[in-house]
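# this one's structure only:
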Ligand code: PLP
């Protein structure tokens, strides 16, 4: 197991993800989140994307060797309290990530199963889904899909998950793939009305394996913010969970705190560039 060194008092998070040149998602969002939450962020890049507020213009994958070497450099010297994965692109990368983390006994792993950018561009190769399910989810402390990603992982038609009850069923099915917790994000649903105000909530569902001790599902609610500017919210949420775990919080506490953090970030989001954002809400 990785030991925290006495000379190394800061909680450390390693993020394994793609670069978003526009600075809103990917590695850039992860590092900004770590910095904001007072955690030391480290990176292993899997791909470089050329993108901006208009969309993804190009993806340049890194070699498996480049990913593995970055992981070894960081983990064998500095170590990490929590590892977070984002865009992994292909099964060869997923396999080397899973093997390297297992060999080093990484105790806490947050898996954001990044599949699509908000403009709809695929950030993965189709063959990667099987490896994500068989290699990475079984060693994950928590996996944080949105609804389209949950449907892909469960091989369900895209519109199968329509209500919070459907989300609870889907989250429980995802648990069978082996993670300790599943946080299924409801941002893509229209939202349920909260009480007499008639305003709607963005509801995420947290479920845990029997070993986690969380027997009932938890609903994490926040007021729904109507905006088109949600690029990077998935990355930010997963990194915030990783940061709070590194600070010693439990998974349910880290998920609740991360949800509040990303809701505040969406409320303060400032548009950049000529793009108009997307209608999908991803928090
Ligand atoms: N990772 C990278 C490198 C990306 O470019 C994107 C989106 O464009 C994502 C992850 C996913 O972003 P989001 O947090 O908006 O789901």
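Received, thanks. Source: prediction; values computed, not measured.
# what about stretch 249-260 and the ligand, touching?
No - counting by C-beta under 6 Å from any ligand atom, no contacts exist between stretch 249-260 and the ligand, the nearest distance being 12.7 Å. C-betas here are computed from N, CA, C, even on glycine.
# Report the mean confidence score over that stretch.
For stretch 249-260, mean pLDDT is 97.
# Can you give the distance of it from its chain's centre?
Centroid separation for stretch 249-260 versus its chain: 13 Å, with C-alpha atoms, centre = their mean, to the nearest Å.
# list the contacts for residue 217?
Counting by C-beta atoms under 8 Å, 6 or more residues apart in numbering, residue 217 makes contact with 168, 171-172, 205-207.
# again, only using 6 Å
Going by C-beta atoms under 6 Å, 6 or more residues apart in numbering, residue 217 touches 168, 205, 207.
# any idea which helix or strand carries the first one?
So the one you mean is residue 168. For residue 168, the host element (DSSP states H and E) is helix 164-175.
# likewise the second one?
For residue 205, the element it lies in under DSSP H and E is strand 200-208.
# Just give the number of residues close to the closest residue to residue 214 other than its chain neighbours.
Nearest non-adjacent residue to residue 214, counting by C-beta to C-beta, 6 or more residues apart in numbering: residue 208, 3.1 Å away. Residue 208 is flanked by 21 other residues according to other C-beta atoms under 10 Å.
# now residue 96
18.
# Help me confirm that residue 183 comes into contact with residue 206.
Yes - counting by C-beta atoms under 6 Å, residue 183 touches residue 206, with 5.1 Å between them.
# overlap in contacts of those two?
With C-beta under 6 Å, 6+ apart, residue 183 and residue 206 have common neighbours residue 255.
# The two: who's more crowded?
residue 183 (29 against 24).
# any idea whether that one is helix, strand or coil?
The three-state label given to residue 183 by DSSP: H, G, I helix; E, B strand; the rest coil is strand.
# show me what contacts it?
142, 144, 204, 206, 255.
# and the residue nearest to the third one when sequence neighbours are not counted, what does it touch?
By the measure of C-beta to C-beta, 6+ apart, the closest residue to residue 204 outside its immediate chain neighbours is residue 220, 4.4 Å from it. If you count contacts by C-beta under 6 Å, 6+ apart, residue 220 has them with 204, 256, 259.
# cool, and residue 254?
Residue 254 touches 241, 244-245, counting by C-beta under 6 Å, 6+ apart.
# one more time with 8 Å
240-241, 244-245.
# I appreciate the help and will end here.
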